[in-house]
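Student: return a 3D structure for these sequence lines:
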Amino acid sequence: MADPELERGLVFNADGSINILRSPCFDKGFEDETTVEEYLERVVPILASIVDRRFLNYNWSIDSRAFTPSSSPLTSPCIKVIGVATVLVASLSLLNTFSR
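Tutor: Numbers count the residues shown, from 1 in each chain. Prediction:
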């Protein structure tokens, strides 16, 4: 196995995958006053540039068709009837409790 390649603080394995544990880029450095936002501001641009470079020769396109949602179980008529009945029974119970 070849030695890992070091680039921009990232250590790559021989197969081209990123070795997160050995990469100094991912050192969180939270011992001092570093916040998660600062960590993400440091790491995300590096990862975005790696992804851009790796997929440079790919043609990206979005293929979609119109989405028509099906009747979900939460909006079926049976569930609505049960919900209305539950609210009605609860309301009558409260009315009965307060009218005593």
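
Student: so how far is T97 from A90?
Tutor: 11 Å (Cβ to Cβ, to the nearest Å). Placement of C-beta: from N, CA and C, glycine included.

Student: sorry, slip of the keys, the one I care about is L40.
Tutor: Distance, L40 to T97, using Cβ to Cβ: 52 Å.

Student: name the residue in the two with the higher neighbour count.
Tutor: Neighbours per residue (other Cβ atoms under 10 Å) separate L40 from T97, with L40 holding more: 11 against 8.

Student: and the more buried one, backbone torsions?
Tutor: phi -70, psi -40 (degrees, to the nearest 10).

Student: equivalent analysis for V11, please.
Tutor: phi -100, psi 120.

Student: give the buried residues for stretch 81-94.
Tutor: Across stretch 81-94, burial judged by 16 or more other Cβ atoms under 10 Å covers no residue at all.
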